[in-house]
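J.: fold the following, please.
(chains A, B, C and D)
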Number of protein chains: 2
Amino acid sequence: MSRELGTAQPKYLRIAAELRAILERGDYGPGDRLPGENTLAADFGVASLTMRQALALLRSEGLVGSRKGSGWYVEAFRPIRRHGIPRVARAQWGSGKTIWSADDDRAPDVDQVNVAEGETPPQHIAAVLELAEGEAVCIRSRRYVVEGRPVMLAASYLPQALVADTAITEANPGPGGIYARLADLGHAPVRFREEIRVRVPSAEEATRLSLPADRSVIKVARTAFDGEGRAVEINEMTMDSAAYVLDYEFGA
Amino acid sequence: MSRELGTAQPKYLRIAAELRAILERGDYGPGDRLPGENTLAADFGVASLTMRQALALLRSEGLVGSRKGSGWYVEAFRPIRRHGIPRVARAQWGSGKTIWSADDDRAPDVDQVNVAEGETPPQHIAAVLELAEGEAVCIRSRRYVVEGRPVMLAASYLPQALVADTAITEANPGPGGIYARLADLGHAPVRFREEIRVRVPSAEEATRLSLPADRSVIKVARTAFDGEGRAVEINEMTMDSAAYVLDYEFGA
DNA sequence: CAGTGGTCTAGACCACCAA
DNA sequence: TGGTGGTCTAGACCACTGC
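T.: The predicted structure is shown next:
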């Protein structure tokens, strides 16, 4: 028995576990509306705030979502698999495919595209790009939306001096994306590092991704190095942690 | 101005942001005790439950920790950098510059070591290991503790038929670990896949890792394939999401 | 023992949604 | 307009810490 009789769990955790079991058993289908929190609170015999605590926990896991003035709903979204290491990376650069569409996941819509030139970079970006004091960057930012749900924000930082007056500063950088353009400039990326951490979203990130404040996000910082070992681009991605499975495949 | 006058944020978020700024400014050093939540609530002019909401948010980020009956403390732990792709497998790539600071793999203490033979595997494990109906696995589980703080749980699943009566079923599998023993058996791992997702810890995981219920965990499932493409081991890791930076480096 | 964090309650007000 | 989730309050009881 793994019932843990001695260490009685608090009510909100027991209710959360019970709700989780009910949802995984399939009593409610994806997208279905749950009873209101007052109804549920009465059913479970607890105060509504306690009920909210349990529901909020399930929401932070991505199992349910809430709409103000409307109700609680079973989350219907299927996670996206992102392949961090493209299978045949280099061959795809000239082929018109972007890094993203090389992944085996659903094609996203891209919106909130913005290119800003001559920006002052954050300190940790400037350090990795080895910029001189006061040197500027070009920032390409965008949002990815899958099946109507915003799932990722991304911001690419490139040295302004490197990309000025090239297609990289255009909203559409042309076939092969910015890596193909960097190759045109003699700075083809040959090596990448992806650093991953989990954070609480900033207020702006929570808004743009329509996330509850207690949902965590996955931060992936991808640094591209050219043949001389110079960092030529940093792509900082911010993903809804409930929407993604990251995937890395490599040899021994 | 990015003050967001129109969309007034709730008090607990504004207070959390203010506290975050105070902590990052360094008013309190690592390990320092903060004023009690009642004192803080009075200072900020809110009810203590509202104050708790703000503190709990910072705790879920790993910025502060609480000890029942004692107080709130500034978290002193420096994140660990885990290299998903072993150094030996990487060429002599220079440039140590990284986006986020974290210490490289401090040597952990390993405790709660357990080897269980003849176990029935979870369904998703059996599927990847391509086990026949009813076929058993050997489960090697352990906990990693760094500087007195439990940071990761790991459980390796191997086909029982493959490892029976080998050193792999011993608590100490000998020099080179279980991969060397798999090589001895003619099943040296030559390819790996790591799948990463973020979850809320189970009650058992929260207990074994001493995590607050609202702290998320990083799940890494590492599958090892031998030369014939057979999955010979799955290592399911569960990490405190505030304790780790994952790092993958690879060529184009 | 006093003080602390953890849980829980009852009730209030607001913004938002749907009929 | 009534119901819903989101926020906030005041206060209670408990378990634990540390003197």
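J.: tell me how many other residues surround A:Gln53.
T.: When neighbours are defined as other CB atoms under 10 Å in any protein chain shown, A:Gln53 has 19 of them. C-beta coordinates here come from the backbone N, C-alpha and C atoms, glycine included.
J.: near chain B, which residues of the stretch 101-250 of chain A?
T.: Residues of the stretch 101-250 of chain A found near chain B (CB under 8 Å from any CB of the partner chain) are A:124-125, A:127-128, A:130, A:188-200, A:203-204, A:213-214, A:216, A:218, A:221, A:223, A:225, A:229, A:231, A:234, A:236, A:241-242, A:244-250.
J.: from the stretch 101-250 of chain A, which residue is nearest to DNA strand C?
T.: In the stretch 101-250 of chain A, the residue that lies nearest DNA strand C is A:Ser210 (11.8 Å; CB to the nearest atom of the strand).
J.: circling back: keep only the residues of the stretch 101-250 of chain A next to chain B that also lie close to DNA strand D.
T.: Contacts with DNA strand D within those, as defined by CB under 7 Å from any atom of the strand: A:Ala213.
J.: for PyMOL, write the selection for the buried entries among the residues of the stretch 101-250 of chain A next to chain B.
T.: PyMOL command restricting these to the buried ones, with burial defined by 16 or more other CB atoms under 10 Å in any protein chain shown:
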select buried, chain A and resi 124+125+128+188+189+190+191+192+193+194+195+196+197+198+199+200+203+213+214+216+218+221+223+225+231+234+236+241+242+244+245+246+247+248+249+250
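J.: so of the residues of the stretch 101-250 of chain A next to chain B, which ones are in strands?
T.: Among those, DSSP state E puts A:189-199, A:218, A:221, A:223, A:225, A:231, A:234, A:236, A:244-250 in strands.
J.: surely A:Pro159 touches A:Val232?
T.: Yes. Taking CB atoms under 8 Å as the definition, A:Pro159 is a contact partner of A:Val232 at 7.2 Å.
J.: now do the shared contacts for the two.
T.: A:Leu129 (CB atoms under 8 Å, 6 or more residues apart in numbering or on different chains).
J.: which bits of chain A sit near DNA strand C?
T.: A:10-13, A:45-50, A:53, A:67-70.
J.: what do you get if the cut-off is 10 Å, keeping everything else the same?
T.: A:8-16, A:33, A:38, A:41-42, A:44-54, A:67-71 (CB under 10 Å from any atom of the strand).
J.: among those residues, name the ones in helices.
T.: The helices in this structure, assigned by DSSP state H, contain A:11-16, A:38, A:41-42, A:44, A:48-54 from the residues of chain A next to DNA strand C.
J.: in this model A:Gly148 seems to touch the residue of the stretch 101-250 of chain A closest to DNA strand C, though I could be wrong.
T.: No. Counting by CB under 8 Å, A:Ser210 does not reach A:Gly148; the two are 10.3 Å apart.
J.: quick one: which of those two has more around it?
T.: A direct count of neighbours by other CB under 10 Å for A:Ser210 and A:Gly148 places A:Ser210 higher, at 12 against 7.
J.: and the closest residue to that one other than its chain neighbours, which helix or strand is it part of?
T.: Once flanking residues are discounted, A:Ser210 sits nearest to A:Pro150: 5.7 Å by CB to CB, 6 or more residues apart in numbering or on different chains. In this structure, A:Pro150 sits in strand A:149-159 according to DSSP states H and E.
J.: and that strand, does that touch DNA strand D?
T.: No. Figure legend: strand A:149-159 not in contact with DNA strand D (CB under 10 Å from any atom of the strand); closest approach 16.4 Å.
J.: give me the sheet partners of that strand and which way each runs.
T.: Using DSSP bridges, strand A:149-159 pairs in its sheet with strand A:137-146 (antiparallel), strand A:231-240 (antiparallel).
J.: tell me the most buried of these?
T.: Of all those, strand A:231-240 has the most neighbours on average by mean count of other CB atoms under 10 Å in any protein chain shown, namely a mean of 22.
J.: only C-alpha atoms, please: export stretch A:158-176 in PDB.
T.: Presented in PDB, the C-alpha positions along stretch A:158-176 are these (Å, rounded to 0.1, in the frame of the first residue of the first chain):
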ATOM      1  CA  LEU A 158      22.500  39.300 -34.200                       C
ATOM      2  CA  PRO A 159      25.400  41.800 -34.300                       C
ATOM      3  CA  GLN A 160      24.200  44.900 -36.100                       C
ATOM      4  CA  ALA A 161      27.500  45.400 -37.800                       C
ATOM      5  CA  LEU A 162      27.300  41.900 -39.300                       C
ATOM      6  CA  VAL A 163      23.800  42.100 -40.700                       C
ATOM      7  CA  ALA A 164      23.300  45.800 -41.600                       C
ATOM      8  CA  ASP A 165      21.900  46.200 -45.200                       C
ATOM      9  CA  THR A 166      21.300  42.500 -45.700                       C
ATOM     10  CA  ALA A 167      18.100  40.500 -46.000                       C
ATOM     11  CA  ILE A 168      18.400  39.500 -42.400                       C
ATOM     12  CA  THR A 169      17.000  42.900 -41.500                       C
ATOM     13  CA  GLU A 170      13.900  42.200 -43.600                       C
ATOM     14  CA  ALA A 171      10.800  40.700 -42.100                       C
ATOM     15  CA  ASN A 172      11.200  37.900 -44.700                       C
ATOM     16  CA  PRO A 173      14.900  37.000 -45.000                       C
ATOM     17  CA  GLY A 174      14.300  34.800 -48.000                       C
ATOM     18  CA  PRO A 175      14.800  31.000 -48.800                       C
ATOM     19  CA  GLY A 176      16.600  29.100 -46.100                       C
END
